[in-house]
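Q: Task: produce atomic coordinates for the following.
(one chain, ligands or ions: 1)
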Amino acid sequence: MITTVIFRETSRIYRRRPPFGLLWVRSMGGGARTFPGGLNKWQWKRLHEKKACEKEKRLIDQEKQLYQARLRSQIRASVSGLPEKPEGPSHSPISPKEHLKALADRFVKHGAEDLWNDDDGPIHSPPHPGSNKPIDPRNFIKDGNLQQKRGYCSQRNDGSFDSLLNSRVFWGDLQQIRGFTEGNLITFRGNLEQKRGYPGNVRGKVKKFYKHIKGSSSSEDDEEDHGTVSSNARWPKFVLEGDAPGTEEEREKGDVKNVKRFMGNATLGNYDVKVTRKRIVQELEDYAEQEDEEGEKAMKLYEIKQEIIERKRVEETHEVIDQDEFVASGKRFDDSGISPLTVKALTAAGYAVMTRVQEDTLSVFLEGKDAFIKSRSGTGKTTAFLLPAIETVLKAMNSDKAKRVPPIYVLIICPTRELASQIAAEARVLLKYHDGLGVQMLVGGTRFKDDQKRLELDPCQILVATPGRLLDHIETKSGLSTRLMGLKMLVLDEADHLLSLGYRKDMEKIVDCLPRRRQSLLFSATVPKEVRRISQLVLKREHSFINTVDAGSPDSNSKVKQSYIIAPHDVHFQVVYQLLKDHITGVPDYKVIVFCATGMVTSLMYLFFREMQLNVREIHSRKAQLYRTRIVDEFKQSKRLILISSDVSSRGINYPDVTLVIQVGIPSDREQYVHRLGRTGREGKDGEGILLLAPWEEHFLEYIRDMPIERSSAPHVDQHAKSKMEDSMAKIDTSVKESAYHAWLGYYNSLREIGRDKTSLVHWANQFCESIGLEKPPALFRKTVVKMGLKDIPGIRVRK
Ligand SMILES: Nc1ncnc2c1ncn2[C@@H]1O[C@H](COP(=O)(O)OP(=O)(O)OP(=O)(O)O)[C@@H](O)[C@H]1O
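A: Modelled structure (predicted):
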């Protein structure tokens with residue numbers, strides 16, 4: 001046992017070069033299992049933290065119930081005339097919850113105006129002529145000519161029910177008394193006028209309405225619809241009370257039971273569901289009829305009661321409506337147990353409720369487990385991993401304060417520079433109110449020395465990096481490796497891509513240099529099987545796999561309309577041009593991304609559309625980093641713009657409100673298709689995706705057959721546009737076209753299905769040449785020809 005411990009410690013210290021005579025033993029991770037259930041120290045700690053959280057929530061619920069019970073007893077006390085229980089002053093420090101309670105008490109005692117928040121809308125309707133008291137609905141029934149009494153008809157002053165229904169004051173009062181929302185009122189009114197068969201104009205409808213609730217429906221009466229309604233007609237009580245018809249006397253006595261519902265839930269929320277009214281409300285209303293101070297007090301209590309019911313109803317409705325993936329359960333950030341400073345930053349950024357992936361990630365984080373999390377594009381994965389990242393830093397800083405050089409507690413790795421800078425920017429937003437916490441970025445395209453300086457001058461706790469540059473820093477022993485020894489959390493964004501062949505070696509080296517006692521979270525919108533298998537490279541064996549995409553549903557967003565077009569290769573540029581033209585005409589605030597196979601093809605297409613006078617920008621890896629950053633920022637902020645892009649924009653980049661994504665040619669794999677498509681339809685919005693293929697690329701559809709994608713026909717291109725396009729293409733420099741040809745050939749050669757059949761590949765490449773106006777295919781270097789396996793293929797010209 002002791003030997004194992006020594007070896008484990010030694011292996012950590014001398015992981016790279018063990019001293020002579022010492023056996024190199026690979027640490028297996030996990031601490032001594034000294035806690036019940038085989039849990040290690042951290043798991044045990046997290047388990048208790050989770051329990052504490054649940055307990056706190058329970059207590060808050062209990063407190064809420066207590067408060068409501070107290071409010072009810074106060075109402076009862078006021079109604080029965082008994083004095084309220086005297087309360088002695090308290091001198092102990094007040095907790096936030098007690099403070100809230102005290103505010104609520106003030107609300108009860110001193111009235112609504114004292115505490116009402118303007119954002120909640122007006123608590124009182126505008127004053128009625130001749131009265132500054134809150135409206136009492138019963139006066140409507142008792143006095144008969146209620147409109148005049150309440151001044152509802154002041155606008156038209158004719159005292160008719162037409163005026164009543166058209167009176168904004170009346171609807172305002174109805175809203176105030178019943179707690180109806182604006183939407184409910186509109187539907188309520190709509191029901192009155194349409195669903196119940198009332199004519200569009202208001203004349204006579206009240207009479208018919210009254211008949212309806214009385215149960216009388218004689219055709220004779222119906223014919224009276226168009227007569228003028230006398231001002232003595234009575235407004236039925238149950239319209240205001242949301243329940244019981246029956247006779248007037250029965251209602252007065254309050255013993256109407258089996259009530260016929262005259263409107264649906266959609267109209268009245270839950271107000272028409274209750275059949276028997278609670279006695280307390282009835283008593284309160286009766287009490288409120290008194291036109292004295294007591295009556296007014298009772299009316300206020302009644303309003304509070306309605307307010308509580310309304311808020312409860314809003315909460316319930318919220319749960320039912322928000323069932324989609326973007327906002328799943330409606331759980332609020334301030335209920336989630338994260339740092340209040342982070343909540344403050346989230347609120348400032350306009351986030352109130354969590355998305356599904358955010359909620360799920362927080363729960364695995366609290367369990368202390370490693371996890372692979374799959375969630376569709378645009379569902380808020382970035383915030384999902386930044387929240388636990390910040391919590392991790394806060395905890396770690398509390399536990400080890402005395403470090404001279406602050407360790408990096410959280411390392412976030414992502415595949416592209418643009419994505420890294422987007423993550424760092426979002427982290428800065430969430431860290432806005434956390435003094436002393438910082439985030440830094442390590443990406444290619446900047447000077448290595450500058451990175452080092454930045455890291456020294458502005459030590460951070462969260463580091464966002466791309467694999468290549470991170471490895472450079474680790475290998476040059478720039479001091480970063482030492483800082484990484486304190487790492488508590490590793491996050492891989494676009495994990496499937498980072499674990500794919502292109503990055504695998506780098507990732508293995510990086511992970512080897514990180515401490516094994518850490519929490520690792522992997523995120524992606526797509527998780528192919530082979531990637532899940534090799535994810536153990538990063539994750540502990542007992543990790544969770546969280547999939548927020550429901551089983552059987554496609555990885556793409558259901559709100560994105562997908563279609564594909566099969567068109568001959570030589571007309572692809574023309575088809576894209578026509579698609580863009582059509583889209584621009586139909587969508588005034590268009591924002592389009594056109595994805596091309598390679599950087600050089602992207603560049604060629606950009607030049608072509610620029611010649612065609614479209615408002616275009618280009619982005620690909622051949623551009624300088626500064627230029628790329630500028631274009632990303634511009635496209636994020638603009639509308640009415642087209643971005644011609646290589647795959648540097650295909651993953652993770654959040655361009656808001658993209659209306660259309662066009663993919664020209666076959667994507668490298670199914671995942672690439674899904675990620676490119678994911679640039680539109682983000683944050684639960686709609687979008688459109690078009691895939692343009694040549695006939696020989698059609699086999700790709702097999703990989704996405706589970707997606708809701710439909711065939712569409714190529715748009716018609718008129719002769720005038722065609723000749724204009726030929727002219728534009730002719731203006732582009734031949735060297736650009738030749739480079740595009742080389743890049744095109746390289747890309748398609750790398751695709752398994754196409755690269756196998758070299759003869760066809762060369763044939764299609766020559767077609768591509770024709771379509772971009774090259775008279776003959778440019779010659780290739782012998783080395784390239786051999787490397788691509790194109791030797792002895794007819795149509796290949798080799799450079800001498
Ligand atoms: N809780 C939230 N409430 C409102 N908006 C949110 C919330 N969380 C994230 N967003 C917004 O949703 C958008 C998409 O978020 P994000 O870029 O993190 O998506 P993603 O899942 O990482 O997408 P991709 O798979 O493409 O990387 C962003 O504009 C972000 O500001």
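Q: hey, which helix is longest across this structure?
A: In the chain, with assignment by DSSP state H, the single longest helix is helix 41-80.
Q: for that helix, packing partners?
A: Packing partners of helix 41-80 (3 or more C-beta pairs under 8 Å, 6 or more residues apart in numbering; DSSP states H and E): helix 96-110, helix 279-288, helix 293-321, helix 356-367. Glycine gets a C-beta too; all of them are placed from N, C-alpha and C.
Q: Just give me the lowest mean pLDDT stretch among those helices.
A: When the helices and strands packed on helix 41-80 are ranked by mean pLDDT, helix 279-288 comes last with a mean of 52.
Q: what secondary structure does residue 592 sit in?
A: Of the three states, residue 592 takes strand under DSSP: H, G, I helix; E, B strand; the rest coil.
Q: so who does it touch?
A: 580, 583, 641-643, 658-662 (C-beta atoms under 8 Å, 6 or more residues apart in numbering).
Q: I'd like those as CSV, with neighbour count appended.
A: As requested, those are exported to CSV (neighbours: other C-beta atoms under 10 Å):
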residue, neighbour count
580, 22
583, 18
641, 18
642, 24
643, 25
658, 23
659, 21
660, 25
661, 27
662, 23
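Q: out of those, which are inside strands?
A: Per DSSP state E, strands hold the following members of the contacts of residue 592: 641-643, 660-662.
Q: Which of those residues sits closest to residue 570?
A: Distance to residue 570 across these (C-beta to C-beta) is lowest for residue 662, with 17.6 Å.
Q: list the contacts for the closest residue to the ligand within the stretch 401-550 of the chain?
A: Going by C-beta to the nearest ligand atom, the ligand is nearest to residue 525 of the stretch 401-550 of the chain, at 4.3 Å. The neighbours of residue 525, taking C-beta under 8 Å, 6+ apart as the test, are 374-377, 381, 555, 674-675, 678.
Q: Let's see that with 7 Å instead.
A: If a contact means C-beta atoms under 7 Å, 6 or more residues apart in numbering, then residue 525 has 374-377, 555, 674-675, 678 as its contacts.
Q: Residue 782 touches residue 798, doesn't it?
A: Yes: shown here, residue 782 and residue 798 form a contact pair, counting by C-beta atoms under 7 Å, at 5.4 Å.
Q: quick one: low-confidence ranges for the chain?
A: 1-37, 75, 78-300, 302-329, 401-404, 551-552 (pLDDT under 70).
Q: Can you tell me which residues in it are near the ligand?
A: 351, 354-355, 358, 375, 377-383, 525, 652, 654, 656, 678, 682-683 (C-beta under 6 Å from any ligand atom).
Q: out of those residues, which are buried?
A: Buried subset of the residues of the chain next to the ligand (neighbour count, 16 or more other C-beta atoms under 10 Å): 351, 354-355, 358, 375, 377-383, 525, 652, 654, 678, 682.
Q: follow-up on the earlier one: mind checking which of the contacts of residue 525 land in helices?
A: 674-675.
Q: wait, which of the contacts of residue 525 is closest to the ligand?
A: For the contacts of residue 525, the nearest to the ligand is residue 377 (3.7 Å; C-beta to the nearest ligand atom).
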